[in-house]
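Trainee: Structure of the sequence below:
(one chain, ligands or ions: 1)
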Amino acid sequence: MSEGADDLFVRPGLGRPAPQAGFPAHGMIPQVAYELVHDELMLDGVSRMNLATFCTTWVDDQARRLMTECMDKNLVDKDEYPQTAELERRSVQMIADLWHAPDPSTTRGTSTIGSSEAAMLGGLAARTRWRARGGTGRPNFVCGPVQVCWEKFARYFDVEIRQIPLRDERLTLHPGDLAQVCDERTIMVVSTFGQTYTGLFEDVAGISTALDDLENARDLDIPIHVDAASGGFLAPFTAPDLVWDFRLPRVKSINASGHKTGLAPLGCGWAMWRDRKDLPDELIFDVDYLGDSMATFNLNFSRPGGQAITQYYDFIRLGRVGYFKVQSAVYRVARHLAAGLHGIEGFELLHDGDPRRGIAAVCWRLTGDRVFNLYDLSDRLRSRGWLIAAYPLPADRNDETIMRAVIRHGFTIDMADLLLADIVRCTRQLQRRLFSTPLTREEAGGFTHSATPATPTATPPT
Ligand SMILES: *Cc1c(COP(=O)(O)O)cnc(C)c1O
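Mentor: Below you'll find the model as predicted:
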């Protein structure tokens with residue numbers, strides 16, 4: 001070989017577009033296919049600068065190694081990979097302990113592909129229990145603003161969703177609103193512990209008390225399912241005296257995303273029941289396990305084993321003390337960002353990252369008369385690589401646009417400061433550009449190839 005004929009980029013395949021439509025007739029060597037795929041993915045956003053996601057975007061080297069080593073293990077094959085099953089079982093017991101199940105050694109729980117699958121399972125168990133108690137007709141469940149998985153549950157499993165609208169400055173489900181919407185067909189109240197919109201915790205204890213009152217007044221015994229997708233692995237460490245879990249007898253099931261604040265890689269969720277009897281037998285399938293059988297209750301059959309294994313690794317690596325330190329550090333960054341935003345004129349915080357009020361996120365809106373909105377700001381921030389969504393609050397407050405930044409493991413004070421500087425700069429740019437004032441070079445991004453001044457890009461007013 002000579003004259004670069006062995007260079008990757010002169011190989012056949014890299015001189016033409018990637019196959020796109022129709023099943024490709026011929027293949028290409030792995031290096032070429034890899035480069036094509038790898039390079040296309042450079043157009044994706046940088047996940048660690050994506051503050052719209054709740055999901056894990058930083059994992060350590062050991063977790064990566066375990067994920068690679070377990071790539072070929074199917075979690076459903078309990079008999080073939082009994083030790084994988086054992087690590088999942090131990091994780092279930094650890095989570096049951098963390099969430100104060102009355103008897104963590106016998107309670108039922110399972111890993112899932114995420115909170116959505118876990119939510120479906122929690123909802124199905126509630127529906128089956130309700131029917132077993134003699135419930136007839138079309139069942140319903142009651143909730144405040146919820147993540148889309150609950151609308152999915154309602155539609156896929158034909159259960160009516162009774163969503164209590166937001167009112168005024170009340171941004172979570174209010175316990176006082178429950179009595180008027182619950183009836184004998186209500187299979188559960190879903191309380192979100194870590195709202196998707198604002199990051200705020202709902203008052204699960206208050207909801208439980210309101211349902212106690214309802215039982216006393218009208219003999220309706222309605223269980224609670226807590227959607228703790230993002231709060232389930234925060235509050236136990238950073239607000240341990242906040243009562244939201246199985247300490248409340250009315251809480252029969254809880255879901256959480258291991259791949260959010262549980263710190264596991266993507267594809268890990270957990271569904272847990274308070275007591276064995278809260279998961280009806282109809283939902284259980286037995287599979288072979290070391291000459292015996294093991295109960296499974298999942299929507300999927302085959303699933304990757306690495307996520308649950310790596311979650312177990314996270315639990316034993318960090319322990320309670322480690323999770324406390326990691327999550328406290330994450331909250332510290334959130335509060336730092338909140339303090340910075342609070343100092344910018346016209347930014348009003350709805351959630352400032354207080355660990356007793358919500359998850360490690362900051363949520364804000366703009367006040368006063370402005371020539372731009374949060375969609376403009378989100379768009380502007382994208383030019384620096386930041387992915388921060390702006391969206392309306394749910395009904396009946398959808399007149400209000402908000403922005404939310406979720407802070408996660410691996411996001412530093414330094415990154416928060418860079419983000420704050422960009423928010424200040426983008427806000428100024430928007431303010432001026434809309435009045436047709438040219439940007440200064442510094443405002444236009446600060447980076448230049450030469451020493452000559454940048455040409456103004458906007459036309460001055462005439
Ligand atoms: C993220 C989230 C879900 C969905 O969880 P996945 O793990 O993405 O399936 C459900 N509920 C809440 C409150 C969430 O934040």
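
Trainee: Thought V189 was touching A126, still the case?
Mentor: No. Using Cβ atoms under 8 Å, A126 is not in contact with V189; the gap is 9.7 Å. C-betas here are computed from N, CA, C, even on glycine.

Trainee: so what sits against both of those two?
Mentor: Common neighbours of A126 and V189, using Cβ atoms under 8 Å, 6 or more residues apart in numbering, are 141, 223, 225.

Trainee: and of the residues you listed, the nearest to the ligand?
Mentor: Nearest to the ligand among the shared contacts of A126 and V189: H225, at 11.1 Å, using Cβ to the nearest ligand atom.

Trainee: Which positions in this protein make contact with the ligand?
Mentor: Proximity of the chain to the ligand, by Cβ under 6 Å from any ligand atom, involves residues 54, 114-116, 147, 149, 192, 194, 196, 227, 229-230, 257, 269.

Trainee: Which ones among the residues you listed map onto helices?
Mentor: 115-116, 149 (DSSP state H).

Trainee: Kindly present the residues you listed as CSV, with separate columns for distance to V406.
Mentor: Below are those laid out as CSV (distance: Cβ to Cβ, whole Å):
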residue, distance to V406
S115, 14
S116, 17
C149, 17
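
Trainee: Can you tell me which of the residues you listed are buried?
Mentor: 115-116, 149 (16 or more other Cβ atoms under 10 Å).

Trainee: can I get the residues you listed in JSON lines with pLDDT?
Mentor: Shown next, in JSON lines, are those (pLDDT from 0 to 100):
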{"residue": "S115", "pLDDT": "98"}
{"residue": "S116", "pLDDT": "98"}
{"residue": "C149", "pLDDT": "98"}
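
Trainee: Run a quick neighbour tally on the residue of the stretch 301-450 of the chain found nearest the ligand.
Mentor: Of all residues in the stretch 301-450 of the chain, I359 sits closest to the ligand, with a separation of 8.5 Å (Cβ to the nearest ligand atom). Counted with other Cβ atoms under 10 Å, residues neighbouring I359 total 35.

Trainee: L234 is in contact with that one, correct?
Mentor: Yes. Counting by Cβ under 8 Å, I359 does reach L234; the two are 5.8 Å apart.

Trainee: who touches both of the two?
Mentor: Each of 194, 261 lies in contact with both I359 and L234 under the rule Cβ under 8 Å, 6+ apart.

Trainee: For the residue of the stretch 251-400 of the chain found nearest the ligand, give the beta-bridge partners.
Mentor: Here the stretch 251-400 of the chain gets closest to the ligand at one residue, S257, 3.7 Å apart by Cβ to the nearest ligand atom. Taking DSSP bridges as the rule, S257 bridges to G269.

Trainee: if I pick it, what's in contact with it?
Mentor: Neighbouring residues of S257 by Cβ under 8 Å, 6+ apart: 54-55, 114-115, 118, 229-230, 232, 268-270.

Trainee: give the contact list for the residue nearest to the spatial centre of the chain.
Mentor: Centroid-nearest residue in the chain: F54, 3.7 Å away (criterion: Cα atoms, centre = their mean). For F54, the contact set (Cβ under 8 Å, 6+ apart) comprises 229-230, 257, 260-261, 359, 406, 408.

Trainee: before we move on, back to that, do you know how far the residue of the stretch 251-400 of the chain closest to the ligand is from A118?
Mentor: Remark: distance between S257 and A118 (Cβ to Cβ, to the nearest Å) = 8 Å.
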